[in-house]
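*Asks:* Sequence first, then the predicted structure:
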Amino acid sequence: MATAATLAPRDIPTTLNYYVPLDDSTEAPYSYVEPPADKPRTNVGGEPYPVTIRDARTTQEELTLDKNGFQFVKWPSVESAFDDEARIKEKYYPEVEELLKKVAGAKRVFIFDHTIRRRKPGDSTEEGPNNRGPAERVHIDQTYEASVNRVKYHLPEDADRLLKSRVRIINVWRPIANPVAHHPLAVSDWRFLDEKDLVSTRLIYPHREGSTYSVRYNPNHKWYYLADQTPEEVILIKCFDSEEDKARLTPHTAFPDPTARKDAPHRQSIEVRALVFDDE
């Protein structure tokens, strides 16, 4: 009897940009959202290191938020273009809330922002709300302190009560329009991360200050991606968990895929960021 052929995982040798300081100054690492005229946007640089990104196609069922810090989920959306901000908030945000309640067990979800990345060949390389390329630097969106402060910032009246129970920040990352090519998203297994790898980096907004983690290179890191990830498939990326016996955060980054078809459409994506609570 003939049996169906099993596709071999498509692991990719590539490079990832890890943290290095841009200069020799003693100033703490920083990045401005809107830099002042007399100062660089950031003093954080990146240095490429060779890594192999493992294809999770045949093992994705084994990878979970609480064990590894990320999870691949098939979750189709009624939205496809993601070209209307009002419609994204009206139609897509409720889908994300439903997903996080079902898959992550959330009782309350507060979505605080989203980022769309799309850039066509020939577009200006200057970053802006309507012209963002893939983020090719290993990072984590929030530090532990910044995560707690986000609860206080967005939900001041309920913060004290909510912070007494489990709090998470989970990003929901989805391709737009086409399967991912050229710059897939890679996520790193929490179990192989050393806390010494994390570099707190000031994130300076015009009206307040937060912080993210840049990440130092460590050869022990183990990286995964989902080959040919479609718009019906999302990656849940944990950026914070108040429970210390679970995976607490996940380094992630876009990476160049030298095996991608040259004529494949360039990557588009939406990433929604949410506070996730075990208490209502």
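*Replies:* Received the coordinates, thanks.
*Asks:* alpha carbons only for contacts and neighbour counts from here, please
*Replies:* Will do.
*Asks:* Low-confidence regions, the stretch 51-200 of the chain specifically.
*Replies:* 119-131 (pLDDT under 70).
*Asks:* Going by residue numbers, what spans are helices in it?
*Replies:* Counting by DSSP state H, counting those that start in this stretch, the stretch 51-200 of the chain has helices at residues 65-68, 85-87, 93-103, 144-154, 159-162.
*Asks:* Extract the C-alpha set from the last one and format it as PDB.
*Replies:* What follows is the C-alpha trace of helix 159-162 in PDB, where atoms were taken according to Å, rounded to 0.1, in the frame of the first residue of the first chain:
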ATOM      1  CA  ALA A 159      -4.000  47.700  38.100                       C
ATOM      2  CA  ASP A 160      -3.500  46.800  41.800                       C
ATOM      3  CA  ARG A 161      -6.100  44.100  41.700                       C
ATOM      4  CA  LEU A 162      -5.000  42.700  38.400                       C
END
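*Asks:* other SSEs contacting that helix?
*Replies:* For helix 159-162, the elements it packs on are helix 144-154, judged by 3 or more Cα pairs under 8 Å, 6 or more residues apart in numbering; DSSP states H and E.
*Asks:* outside of the helix it packs on, which residues touch it?
*Replies:* The contact list for helix 144-154, computed with Cα atoms under 8 Å, 6 or more residues apart in numbering, reads 112, 159, 160, 163, 169, 210, 211, 212, 240, 275.
*Asks:* cutoff 10 Å now
*Replies:* Applying Cα atoms under 10 Å, 6 or more residues apart in numbering, the external contacts of helix 144-154 come out as 110-112, 141-143, 155-160, 162-163, 167-169, 200, 202-203, 208-213, 239-242, 248-249, 275-276.
*Asks:* Also stretch 28-42?
*Replies:* Under the contact criterion Cα under 10 Å, 6+ apart, stretch 28-42 has outside partners 20-22, 43-45, 199-206, 209, 211-214.
*Asks:* just the buried members of these?
*Replies:* 20-21, 43-44, 199-204, 211-214 (16 or more other Cα atoms under 10 Å).
*Asks:* Tell me which of those has the lowest pLDDT.
*Replies:* Ranked by pLDDT, the buried ones among the contacts of stretch 28-42 bottom out at residue 21, which scores 91.
*Asks:* Can you report phi and psi for that residue?
*Replies:* When quoted as degrees, to the nearest 10, the phi and psi of residue 21 stand at phi -70, psi 150.
*Asks:* wait, it sits on residue 45?
*Replies:* Yes. Judged on Cα atoms under 10 Å, residue 21 makes contact with residue 45 at a distance of 5.3 Å.
*Asks:* burial count for residue 23?
*Replies:* Counted with other Cα atoms under 10 Å, residues neighbouring residue 23 total 10.
*Asks:* Please tell me how far it sits from residue 44.
*Replies:* 8 Å (Cα to Cα, to the nearest Å).
*Asks:* Which ones among the contacts of stretch 28-42 lie within strands?
*Replies:* 20-21, 44-45, 199-204, 209, 211-214 (DSSP state E).
*Asks:* of the residues you listed, closest to residue 101?
*Replies:* Within the ones in strands among the contacts of stretch 28-42, proximity to residue 101 (Cα to Cα) peaks at residue 212, which comes in at 25.5 Å.
*Asks:* how close does the closest one get to residue 47?
*Replies:* For residue 212, the distance to residue 47 - Cα to Cα - is 18 Å.
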